[in-house]
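Undergrad: build me a model:
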Amino acid sequence: TGVVPFVALLLLQRRPVAGRALLVSGSGCPSHGLCRSNVQEQTRRQVAVLNATAQELFSLYLKCQGEPFSSESDKLCNPAGIFFPAFRVNRTSDRKEVMVAMYKLFAFLNASLGNITRDQEELNPMAKELLERLHNTTKTTRGLISNLTCLLCKNYNIFQVDVRYGDSSKSRSAFKKKQQGCQVLRKYVQVIGQAARVLLPHLSPS
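TA: This is a model prediction of the structure:
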């Protein structure tokens, strides 16, 4: 376990990983030039896009896995047995606490999308629409992480966040890879709506 600066974290999140980095605050934030002038509005937009497209992504994923996932999704995609970051903040939580929780959530999601995309490129290389949606969701998630990084640095001088990642599916069977993907995406659908409801009021224009 080690302390990993945000820049390194962002590089790590470009590939599936499992590890931890410690949350600290201090003088290590880059200059505020990291932030775009419309960072809050852009962050709002990114969360709204992810919320609006999550169910479609999950439904398309199920369709492309075939049976038994199409007909037994409630059983096979039950996310109870997988790790997913706890999301205990709400609309009345402190803004700093909300931003840190969001960073943990979307950093985890970004790494998980890397696992799922790699597996689907191997298992369903002809599923062009699914792969495109996975790539687009990953792109939006990375942009969101960048903006959350900026907001945490600029507003709270936090430049390292404790992030726990899920297990890589690389060595698992094809069935287990499909199952892990549908469990993560099912949980994502459940959590992203809550995340949007919690985060958006904290990013409203002053």
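Undergrad: all strands for the protein, in order.
TA: Remark: strands assigned in the chain by DSSP state E are 24-25, 158-160.
Undergrad: go through the last one and flag the buried ones.
TA: Of the residues in strand 158-160, those buried under the neighbour-count criterion (16 or more other Cβ atoms under 10 Å) are 158, 159, 160. For every residue, glycine as well, the C-beta is placed using N, CA and C.
Undergrad: return the set of residues that bridge with the last one.
TA: Applying DSSP bridges to residue 160 gives these bridge partners: residue 24.
Undergrad: how far away is it from residue 88?
TA: Using Cβ to Cβ, to the nearest Å, residue 160 is found at 21 Å from residue 88.
Undergrad: where does this structure dip in pLDDT?
TA: Judged by pLDDT under 70, the chain has its weakly predicted residues at 1-28, 30-34, 205-206.
Undergrad: what ranges do the helices span in it?
TA: 6-12, 39-65, 73-76, 95-123, 128-156, 174-202 (DSSP state H).
Undergrad: of all those, which lies closest to residue 164?
TA: helix 95-123 (7.0 Å; Cβ to Cβ).
Undergrad: list the helices and strands the closest one packs on?
TA: helix 39-65, helix 128-156, helix 174-202 (3 or more Cβ pairs under 8 Å, 6 or more residues apart in numbering; DSSP states H and E).
Undergrad: before we move on, back to that, most tightly packed of the helices of the chain?
TA: helix 95-123 (a mean of 21; mean count of other Cβ atoms under 10 Å).
Undergrad: so how far is that one off the chain centroid?
TA: 3 Å (Cα atoms, centre = their mean, to the nearest Å).
Undergrad: what's the angle between that helix and helix 128-156?
TA: Here helix 95-123 runs at an angle of 160 degrees relative to helix 128-156 (axes from the mean of the first three to the mean of the last three Cα atoms, to 10 degrees).
Undergrad: what's the angle between helix 95-123 and helix 39-65?
TA: Helix 95-123 runs at 30 degrees relative to helix 39-65, counting by the same axes, to 10 degrees.
Undergrad: quick one: helix 95-123 to helix 174-202, angle?
TA: Using the same axes, to 10 degrees: helix 95-123 against helix 174-202 is 150 degrees.
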